[in-house]
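Chemist: Here's my sequence, what's the structure:
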Amino acid sequence: MSDYETLLLETSDGVATLTLNRPDRYNAFDATMVAELPRAWAQLRDDADVRAVVLTGAGDAAFCTGIDRDAVPAGDGEYTFDPYTYTDPGEALGPKTHGMWKPVIAAVNGMACGGAFYLLGEVEFLIAAESATFFDPHVTYGMAAVLEPTLLAPRMPFGDLMRMMLLGAHERLSARRALEVGLVSEVTTADELPERARWAAEAIASQPVDAVIATVRNLWMAQELSRRQALDLGNFLLAAGNSSEALAEGQRFFASGQRVRPNIR
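Modeler: Numbering: from 1, shown residues only. Reported below is the predicted structural model:
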């Protein structure tokens, strides 16, 4: 199914697995990946057979380490910047930027740093291997950390986010600490990571799609708008999510006598 140079894309049973596939470069993004990710999100968004997505990185060393610095043209030491015309390459990476409201679960193994947060800042939740680490080296290399921490701000306490940004390459957040501060929802072994992420995606994909997508849109809206605005607009999402098809599918499941055996986290 995959016809990408820097990505792997596989779909089965309503779940797509999208893998950043540059393990020799720690899955850092170059110009090709920046061009391919928007196309992949649009493909997944428009594929009616896909109900949930697992986003991960190839290999054991890294989920993603941001921009591939070897792919950045060398300059002559002069630096000019026009904030009115500048387009950051990372802004095109995330699913929500491309109207992808189907749930995306990140399965993080190894390093996740810098520009990786363009992706992690726009997923529904993260599951991490015990080996995962999170850090942002921008300030260490003379760059302001601005857009990435803005995306992470709703996910982390202010002090922990500020510490991670200011310490740069000098400190890495462990998977366990990331769980404690709420950046990560679950920590597992590296061997079990694909299975745990797949389980969550399959459970989500088994439920009525309209209800799931409306719930996703509502929660993103709720964190970005005022409380009153979100509540006022919530009626429109109730109308969309409580579709006749979704309600009928849910009623059939209930009437069948089947009951979910829940995971206890």
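Chemist: C-alpha from now on. contacts and neighbour counts both.
Modeler: OK.
Chemist: Break this structure into its domains for me.
Modeler: Segmentation of the chain into domains, based on automatic domain parsing, reads 7-205, 209-255.
Chemist: And the one helix or strand V187 maps to, what does it pack against?
Modeler: Per DSSP states H and E: V187 is located in strand 186-188. In terms of contacts (3 or more Cα pairs under 8 Å, 6 or more residues apart in numbering; DSSP states H and E), strand 186-188 is packed against strand 125-129, helix 175-181.
Chemist: Return the distance of the longest one from the chain's centre.
Modeler: Once both centres are worked out by Cα atoms, centre = their mean, to the nearest Å, helix 175-181 turns out to sit 17 Å from its chain's centre.
Chemist: So which residues make contact with the strand holding V187?
Modeler: Contacts to strand 186-188, defined as Cα atoms under 8 Å, 6 or more residues apart in numbering, come from residues L126, I127, A128, A129, E130, A175, R176, L179, R196.
Chemist: how far away is Q251 from A205?
Modeler: Noted for Q251: a distance of 17 Å to A205, by Cα to Cα, to the nearest Å.
Chemist: Looking at those two, which is more packed in?
Modeler: With neighbours defined as other Cα atoms under 10 Å, Q251 and A205 compare such that A205 has more, 21 against 11.
Chemist: Spatially nearest residue to the more buried one, not counting backbone neighbours?
Modeler: Leaving aside its sequence neighbours, A205 sits nearest to R51 (Cα to Cα, 6 or more residues apart in numbering; 5.0 Å).
Chemist: Just give the number of residues close to the one you found.
Modeler: Using other Cα under 10 Å, R51 is surrounded by 27 other residues.
Chemist: likewise the one 5 residues further on?
Modeler: For T56, the neighbour count with other Cα under 10 Å is 25.
Chemist: list the contacts for it?
Modeler: T17, L18, T19, L20, F63, A106, A107, V108, N109.
Chemist: try 6 Å
Modeler: Residues counted as contacts of T56 (Cα atoms under 6 Å, 6 or more residues apart in numbering) are T19, A106, A107.
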